[in-house]
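Asker: What shape does this take:
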Amino acid sequence: MTINRFFLPFLVSAVFIGESMFVNFIAGEPSLREWVLSPRFVVIILIFMTVYFNVKQGMVYGLIFGMLYDVAFTDILGVYMLGIPAVCYLASKMMKIFQNNALIVSLLALFAVTIIEFYIYGINVLIHVTDMTFDRFLQQRFYATMILNALFCFVFSYPLKAKLQKWKIQLLDERL
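Answerer: Residues are numbered from 1 along each chain as shown. Now for the predicted structure:
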C-alpha cells in the first residue's frame, strides 16, 4: 500500500476546505462584492479524476463530497449529492466520443460546472429559496463563477492530468 492511496482523498478534501476558505477570504473582498463567486474546484477535480483515474471512484467521491456540500453549505440535503455524481457519470460517457486531452477535459469540467450552477439555481427557484431573476443570476453569479473556475482549470489542468495518470499507472502496477 503506497502513500498515493491516501493522497487522493487528502487532495480532494484539501480542495473542498480551500473552496470554503476562498469564499470567506477572497470572494468577500469589497471590490468583488457585486459578484457571487462560487468556486467549484472539487467538481473540476472530480471530472479530471473520473476521466484520468477511475470512473467509479470519481462518482463515489462525488457522492461523498456532494453530501459534504449539502451538509456544510445548503439547507436541502441531496441536491449536490445527486448532482455531482451525475455530472461525473455524464463526463465519463461524453469522453467516449471526445478526444482525451487536457483542453477537452477542461472544457468538459467547465461544462459540468455549468450544469451544476444551472441545476442548483433551478432547484432554488423551484422551491422558492431564491428570488433571483435569471438575468441577475447570469450577470452576478454565473459569468463570474465560470471565469473563476476557468482560471482554476487553466492553472491546474496539466499538473492534475499528469499526476492522476501517474497514479493510475502506479495503481495498475501494484495490482500486477
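Asker: Identify the residues contacting Tyr69.
Answerer: Tyr69 is in contact with Val42, Tyr80, Met81, Ile84, counting by CB atoms under 8 Å, 6 or more residues apart in numbering. To be clear about C-beta, it is placed using only N, CA and C from the backbone, and glycine gets the same treatment.
Asker: just Tyr119 next, same as before
Answerer: Here Tyr119 is in contact with Val79, Gly83 (CB under 8 Å, 6+ apart).
Asker: State the helix or strand in which it lies.
Answerer: Assigning secondary structure by DSSP states H and E places Tyr119 in helix 102-126.
Asker: same check, this time on Pro39
Answerer: Pro39 belongs to no helix or strand when assigned by DSSP H and E.
Asker: what's around it, how many residues?
Answerer: 21 (other CB atoms under 10 Å).
Asker: Wait, it touches Glu19, no?
Answerer: Yes. Assessed by CB atoms under 8 Å, Pro39 is found in contact with Glu19 at 4.5 Å.
Asker: mind putting the contacts of Tyr69 in TSV, pLDDT and secondary structure included?
Answerer: Shown next, in TSV, are the contacts of Tyr69 (pLDDT from 0 to 100; DSSP: H, G, I helix; E, B strand; the rest coil):
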residue	pLDDT	secondary structure
Val42	97	helix
Tyr80	96	helix
Met81	96	helix
Ile84	97	helix
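Asker: Buried among those? Make that a ChimeraX selection.
Answerer: In ChimeraX, a selection of the buried entries from the contacts of Tyr69 looks like this (16 or more other CB atoms under 10 Å):
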select :42,80,81,84
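Asker: Could I get the contacts of Tyr69 in JSON lines, plus columns for distance to Lys163?
Answerer: Output for the contacts of Tyr69, formatted as JSON lines (distance: CB to CB, whole Å):
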{"residue": "Val42", "distance to Lys163": "16"}
{"residue": "Tyr80", "distance to Lys163": "25"}
{"residue": "Met81", "distance to Lys163": "26"}
{"residue": "Ile84", "distance to Lys163": "21"}
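Asker: pLDDT weak spots in this protein?
Answerer: Low-confidence segments of the chain (pLDDT under 70): 1-4, 27-33, 176.
Asker: Identify, by residue count, the longest helix of the protein.
Answerer: helix 143-175 (DSSP state H).
Asker: now the angle between helix 102-126 and it, please.
Answerer: Interaxial angle, helix 143-175 versus helix 102-126 (axes from the mean of the first three to the mean of the last three CA atoms, to 10 degrees): 120 degrees.
Asker: Next, the contact list for the residue sitting nearest the centre point of the chain, please.
Answerer: Note on the chain: the residue nearest the mean C-alpha position is Val43, at 1.0 Å, using CA atoms, centre = their mean. By CB under 8 Å, 6+ apart, Val43 lies in contact with Ile84, Val87, Ala109, Ala112, Val113, Ile116.
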